[in-house]
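J.: the following block contains a protein sequence and its predicted model.
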Amino acid sequence: MNAVLLEARAIAKHFGGVKALTDVSLTIRQGEIYGLIGPNGAGKTTFFNVLTGLYHPDGGDLLFAGEKLEASAPHKVAKRGIARTFQNIRLFGNMTAMENVMVGRHARTHAGVLGAVMHDRRTTAEEAAIRRRAEELLHYVNIADRADDLARHLSYGDQRRLEIARALATDPKLLALDEPAAGMNGTETAGLRELIEGIRRDGITVLLIEHDVKLVMGLCDRVAVLDYGQKICEDVPAVVQKDPKVIEAYLGGSVA
Amino acid sequence: MIGAMVALTVIKLLAASGLPVFVIILVALAAAAAVCMAVGYTIERIAYRPLRRAPKLAPLITAIGVSIILQNLAMLIWGRNYHAFPPILPTSQHEIFGATITSLQVAIVLIAALMMTGLIILIHRTRLGRAMRATSENPPIAQLMGVNINQIISFTFIIGSALAAVAGLMVSANYSIAHYYMGFMLGLKAFTAAVLGGIGNIAGAVLGGILLGLIESLGAGYIGDLTGGFLGSHYQDIFAFFVLICVLIFRPSGLVGEKVSERA
């Protein structure tokens, strides 16, 4: 069994009186594709926001690669090796596809003001490396031909792919995808599935929020189910599918 | 204004030292830029950073407040009088197509063009510039890419202040005068030029600035004829703000600024 990459211990998050997450603990192992599912409003995206430092948790700890994750410093989280995409795509719309990916390289590069002003050899070399890597990633997600188009001019499916490329540009150990298949047609979803499997083959652990149950069950090694901010189940897909609590959460309580 | 005042003070101090003129100018420029960068950084820290999550109107009000404070501080330090800019620069006049232009003005245009080019390269071709644009478009997402947005915003203020210092020195050199209140109208006009060109677009701002300058100069020259002698050339500011109003009504995104129209 692989080493633990991410361990969430009793994560809690409230918004006023609403308990968005209560006592959520889960363990993601190196190299697996881990699914996080649950009905709407179950707290999946809140968990992502806590994980990436956008929200400050009200309780609990996150351990990433054996070390505690400092809450509420998103740029540090990126440097530690966690990248994510969004349910509602959030690209830099007024920058080109290429530039979006290049921004993603920020966490792994160093050129500062001095470099920008002096344009010394190291800076130019780094800039060239950033561009090369961005080109590779655009190829990787199959949108290299749209490199110089503004991100907001890309088609919906391409924007999703671009968001993944941008996240990959940060060299993540853990890639968190928030409903990547939302709004995609069958062909696009199949392409996405191939892409995610490829990412895993490259050694990146994937955390996946998804409503497309077929995709989740076919793709994930293990799945956790959230309902009303609590984890009600965590296991391999075959077991999760038969769990009565999960069926109840999705189909409503039994008539009794 | 602060840039001009600091530069002026340095020039006056060094004028008698016998140093070559260009050394004096360079030292003055460096001092002005350094002071403005420090001031810009401090302003961002104490006046803007606490308002990062505030409604958009709040930083605008703060900006007005800060400008009043700066003007009054400058008045306390340098007094209420107009300071004449020492005529240390060698200057000669040239005629081009019937218009008179001084060598100083040529130098100003060249320096401005150089700074604009530098700024465009910085913003579009460097890692720092990309981080700036990403931060301006969506701060939380920029952070997720590993961008330390506080640092980037500080840099932006520092760079802007340095450019303002150079601009202030050039303005006071051109008009041979510096005053604690000189920045007020310049700021409004610069804003007008930026709106005319399209906010967020450097090339547009340059175009807006040139157009605005031409409109204003020609307008001031002909306003007497236009109004049958009713208004004199001291009413030249009418044109700038007439342009501003027209742009805001008819083309709020500016001449070349379709990019941010949804944000206006």
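T.: Structure received. Computed from a predicted model, the values in this text were never measured in an experiment.
J.: in a strand, that's where A:Asn94 is, yeah?
T.: No. If the criterion is DSSP: H, G, I helix; E, B strand; the rest coil, then A:Asn94 is coil and not within a strand.
J.: who touches the closest residue to A:Ile82 other than its chain neighbours in this structure?
T.: Excluding the flanking residues, the one nearest A:Ile82 by CB to CB, 6 or more residues apart in numbering or on different chains is A:Leu174, at 4.9 Å. Heads up, the C-betas are built off the backbone N, CA and C, glycines and all. Applying CB atoms under 8 Å, 6 or more residues apart in numbering or on different chains, we find A:Leu174 in contact with A:Leu5, A:Leu6, A:Ile28, A:Phe64, A:Gly81, A:Ile82, A:Ala83, A:Ile204, A:Thr205, A:Val206, A:Leu207.
J.: count residues in the vicinity of A:Ala190, would you?
T.: 13 (other CB atoms under 10 Å in any protein chain shown).
J.: for the record, mean pLDDT for stretch A:25-32?
T.: Here stretch A:25-32 scores 91 as its mean pLDDT.
J.: how about the CA coordinates for it, as CSV?
T.: C-alpha atoms of stretch A:25-32 as CSV (Å, rounded to 0.1, in the frame of the first residue of the first chain):
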residue,chain,number,x,y,z
SER,A,25,-11.5,12.9,8.2
LEU,A,26,-10.1,11.2,5.2
THR,A,27,-6.8,9.8,3.9
ILE,A,28,-5.6,10.1,0.4
ARG,A,29,-2.7,7.8,-0.6
GLN,A,30,0.1,8.6,-3.0
GLY,A,31,-0.8,7.9,-6.6
GLU,A,32,-4.5,7.1,-6.2
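J.: spell out which residues of the stretch 1-150 of chain B are next to chain A.
T.: B:122, B:125-131, B:133-134, B:137-138, B:140-149 (CB under 8 Å from any CB of the partner chain).
J.: do you know how far the residue nearest to A:Ile82 is from B:Leu26?
T.: 51 Å (CB to CB, to the nearest Å).
J.: residues of the helix or strand that contains B:Leu14 that come out buried?
T.: Using DSSP states H and E, B:Leu14 maps to helix B:2-15. If you call a residue buried by 16 or more other CB atoms under 10 Å in any protein chain shown, then helix B:2-15 has these buried ones: B:Ile2, B:Gly3, B:Ala4, B:Met5, B:Val6, B:Ala7, B:Leu8, B:Thr9, B:Val10, B:Ile11, B:Lys12, B:Leu14.
J.: low-scoring stretches of chain B, by residue?
T.: B:257-264 (pLDDT under 70).
J.: closest point of it to chain A, which residue?
T.: Residue nearest to chain A within chain B: B:Gly146 (2.4 Å; CB to the nearest CB).
J.: so that residue sits against A:Arg108, correct?
T.: Yes. Taking CB atoms under 8 Å as the definition, B:Gly146 is a contact partner of A:Arg108 at 7.4 Å.
J.: pLDDT at the residue of chain A found nearest chain B, what is it?
T.: Nearest residue of chain A to chain B (CB to the nearest CB) works out as A:Ala107 at 2.4 Å. As predicted, A:Ala107 sits at a pLDDT of 81.
J.: so it sits right up against A:Arg80, yeah?
T.: No. Under the criterion of CB under 8 Å, A:Ala107 is not in contact with A:Arg80, lying 9.2 Å apart.
J.: okay, the two: which has more neighbours?
T.: Each of A:Ala107 and A:Arg80 has its neighbours counted (other CB under 10 Å); A:Ala107 has more, 23 against 18.
J.: in space, what's closest to the more buried one - neighbours in sequence excluded?
T.: Using CB to CB, 6+ apart, the nearest residue to A:Ala107 is B:Gly146, at 2.4 Å.
J.: quick one on the thing from earlier: now the residues of the stretch 1-150 of chain B next to chain A: which count as buried?
T.: Buried among the residues of the stretch 1-150 of chain B next to chain A by 16+ other CB under 10 Å: B:122, B:126-131, B:133-134, B:137-138, B:141-149.
J.: and chain A, what are its domains?
T.: A:1-81+A:174-256, A:94-171 (automatic domain parsing).
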